[in-house]
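# Everything below, folded, please.
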Amino acid sequence: MAYLLIDSHCHLDFPVFDDSRDQVLKRAQAVNVAHIVVPGVVARDFPRVLAVQRAYPETVSIALGLHPCFMKEHAQTDVEVLAAYLDTTPVCALGEIGLDFYDKEADKKAQLALLKAQIKLAKAHQLPLILHVRKAHDEMLKVLREMQFSEGGIVHAFSGSEQQAHRYIDRGFLIGVGGAITYSRAQRLRSVIAKLPLQALALETDSPDMPLDGFQGRPNEPARMSVVLDTLSALRGESRIVLGTEITKNTRQKLNLSTGV
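From the prediction side, this is the model:
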């Protein structure tokens, strides 16, 4: 392989990796996954995210954010905590943030307020976003439009329609492609990803989550991005080299990664 890959979304700080982090990274590097973006999800774990970056400074970049699936764990002052971190911590994006309306009991009003507060921070710091969106793409696109957010970013684990994907792309976002496309039953998603412009794609694993077909029941890890790339190559009829080279360039530019990849 003459190209290097970036896993644009991997929770390498999670405790499941505490006894295997070095080995996980070695396996990733063996299949040319050379750089990993680790997003924060709750303020109390920001120090853990920073510790991983300090341990692997050439391999890891970080983002920080307050995730919509952890609303009960966020304190009222956490946006201020996040703001303080952004003033002192080099990050490649603000995230993982977003909207998750999958649970019918979700507090949509609270999620929207948290999202908007964080987008204001991203605008102030001119940072791209790493977005988590489930059952809320139209609402997310409305917020981005109303807040005139122009820094773009990555829509992690995209699962919307082709029309929604193009609306994100028009706003400067890449579409995150991960293990979901390895499932043959994901026909709509596979069809959408096959049609999108190559310049609009990013690769990710969401490790240790979002297991690939055939790897259910085991923690996901960055090395499996090679399988995602194989699947993407088959779906699009484009070579691994072309896909890997262009998607790495997309991600590096969108997240302003000053790495060797």
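# In contact with Ile181, which residues?
By CB atoms under 8 Å, 6 or more residues apart in numbering, the residues touching Ile181 are 189-190, 193, 228, 231-232, 235. (Glycine included, C-beta is placed from N, CA and C.)
# most surrounded residue in those?
Compared across the contacts of Ile181, Leu232 has the highest neighbour count, 24 neighbours, by other CB atoms under 10 Å.
# Report the secondary structure state of that residue.
Following DSSP: H, G, I helix; E, B strand; the rest coil, the label given to Leu232 is helix.
# now do the one 10 residues further on
Classification of Val242 into helix, strand or coil gives helix, according to three-state DSSP.
# So what's the residue count around it?
Under the neighbour criterion other CB under 10 Å, Val242 is assigned a count of 13.
# Skipping adjacent residues, who's closest to it in space?
Leu198 (7.6 Å; CB to CB, 6 or more residues apart in numbering).
# What is the burial count for that neighbour?
Per other CB under 10 Å, the neighbour tally for Leu198 reads 15.
# Kindly report the same for Arg252.
19.
# Any chance you could list what contacts the strand or helix carrying it?
Element membership of Arg252, judged by DSSP states H and E, is helix 240-254. Contacts to helix 240-254, defined as CB under 8 Å, 6+ apart, come from residues 1-6, 8, 32, 128, 152-154, 172, 174, 198-203, 229-230, 232-233, 236, 257, 259, 261.
# Stretch 10-24 too?
Residues from elsewhere that reach stretch 10-24, judged by CB under 8 Å, 6+ apart: 25, 36-41, 45, 48-49, 51-52, 55, 60, 204-209, 219, 221-223.
# Please indicate which of the residues you listed are buried?
By neighbour count, with 16 or more other CB atoms under 10 Å, the contacts of stretch 10-24 hold 25, 36-41, 45, 49, 52, 60, 204-209, 221-223 as buried.
# Let's see which of the residues you listed end up in helices.
Among the buried ones among the contacts of stretch 10-24, the residues falling in helices (DSSP state H) are 25, 49, 52.
# Which member of these is positioned nearest Thr89?
When these are compared for distance to Thr89 (CB to CB), Val49 wins out at 9.3 Å.
# For the longest helix anywhere in the chain, C-alpha coordinates in PDB please.
Longest helix of the chain, by residue count under DSSP H: helix 108-125. The C-alpha trace of helix 108-125 is given here as PDB (Å, rounded to 0.1, in the frame of the first residue of the first chain):
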ATOM      1  CA  LYS A 108     -35.300  17.200  22.500                       C
ATOM      2  CA  LYS A 109     -35.400  20.700  23.900                       C
ATOM      3  CA  ALA A 110     -32.400  20.000  26.200                       C
ATOM      4  CA  GLN A 111     -30.400  18.400  23.400                       C
ATOM      5  CA  LEU A 112     -31.100  21.300  21.000                       C
ATOM      6  CA  ALA A 113     -30.000  23.800  23.700                       C
ATOM      7  CA  LEU A 114     -26.700  21.900  24.300                       C
ATOM      8  CA  LEU A 115     -26.100  21.500  20.600                       C
ATOM      9  CA  LYS A 116     -26.500  25.200  19.900                       C
ATOM     10  CA  ALA A 117     -24.300  26.200  22.900                       C
ATOM     11  CA  GLN A 118     -21.500  24.000  21.500                       C
ATOM     12  CA  ILE A 119     -21.900  25.300  17.900                       C
ATOM     13  CA  LYS A 120     -21.400  28.800  19.300                       C
ATOM     14  CA  LEU A 121     -18.100  27.600  20.800                       C
ATOM     15  CA  ALA A 122     -17.100  26.000  17.500                       C
ATOM     16  CA  LYS A 123     -17.800  29.200  15.600                       C
ATOM     17  CA  ALA A 124     -15.900  31.300  18.100                       C
ATOM     18  CA  HIS A 125     -12.800  28.900  17.800                       C
END
